[in-house]
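J.: okay, here's the prediction I keep looking at, along with the sequence it came from:
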Amino acid sequence: MKWLILFALLIALPIAAAADFNTQLSDADKATFDKILEPVMKIYNLVKYAASVIAVVIMLFSGVSYMISGSDPKKRESAKNMAMYVIIGLIVIWAAPLVVNFIIG
């Protein structure tokens, strides 16, 4: 399997190197690209907002488990880690389009 991937990369490399990335797109090409990208963005927005709702529920659970942990440091640390991972996940989900636009633009 590794050899197949390596072979595919070796074949694709000259093709990608030969592409001219400095050409300007016409308005018709941009409209076609936007039309193709529209369903992808709808799915991305659905996933983004669903993940945000799930993150709120997990943050509530994390906060409650932190409050009821008492003096147990293991439970307290687990609740803090859960909240930290949720925040990191939300940052990744919400910042992904900004990163892509920064790289492309």
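T.: Everything's here; your move. Keep in mind it's a predicted model, so treat the numbers as computed, not measured.

J.: from Ile43, how far off is Ala55?
T.: Applying CB to CB, to the nearest Å, the value for Ala55 to Ile43 is 18 Å. All C-beta spots, glycine's among them, are computed from the backbone N, C-alpha and C.

J.: looking at the two, which one has more neighbours?
T.: Taking other CB atoms under 10 Å, Ala55 and Ile43 do not tie; Ala55 has more neighbours (18 against 9).

J.: before we move on, which element is the more buried one in?
T.: helix 27-67 (DSSP states H and E).

J.: next, the buried residues of the helix or strand just after that helix.
T.: As assigned by DSSP H and E, the chain's next helix or strand after helix 27-67 is helix 73-104. Buried positions in helix 73-104, judged by neighbour count with 16 or more other CB atoms under 10 Å: Ala79, Met82, Ala83, Val86, Leu90, Ile93.

J.: report the contact partners of Val99.
T.: Contacts here follow CB atoms under 8 Å, 6 or more residues apart in numbering; on that basis Val99 touches nothing.

J.: distance of it from Ala55?
T.: Counting by CB to CB, the gap from Val99 to Ala55 is 19 Å.

J.: coming back round to it: possible to save the buried residues of helix 73-104 as a markdown table with pLDDT?
T.: Listed next are the buried residues of helix 73-104 as a markdown table, based on pLDDT from 0 to 100:
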| residue | pLDDT |
| --- | --- |
| Ala79 | 95 |
| Met82 | 96 |
| Ala83 | 96 |
| Val86 | 96 |
| Leu90 | 94 |
| Ile93 | 92 |
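
J.: now, which of those sits nearest Ser26?
T.: Ile93 (32.9 Å; CB to CB).

J.: any idea how far that closest one is from Lys48?
T.: According to CB to CB, Ile93 stands 5 Å off from Lys48.

J.: before we move on, what about Val56?
T.: 13 Å.

J.: which of the two has more residues huddled nearby?
T.: Lys48 (15 against 12).

J.: which residues touch the more buried one?
T.: Ile93, Trp94.

J.: pull the CA atoms of stretch 3-15 into CSV?
T.: Provided in CSV are the C-alpha atoms of stretch 3-15 (Å, rounded to 0.1, in the frame of the first residue of the first chain):
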residue,chain,number,x,y,z
TRP,A,3,4.4,1.8,-2.6
LEU,A,4,1.2,2.5,-4.3
ILE,A,5,0.9,5.9,-2.6
LEU,A,6,4.5,6.7,-3.3
PHE,A,7,4.0,5.8,-7.0
ALA,A,8,0.9,7.9,-7.2
LEU,A,9,2.8,10.9,-5.7
LEU,A,10,5.7,10.4,-8.1
ILE,A,11,3.3,10.5,-11.0
ALA,A,12,1.3,13.4,-9.7
LEU,A,13,4.3,15.6,-8.9
PRO,A,14,5.3,16.5,-12.5
ILE,A,15,1.7,17.2,-13.3
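
J.: perfect, that will be all.
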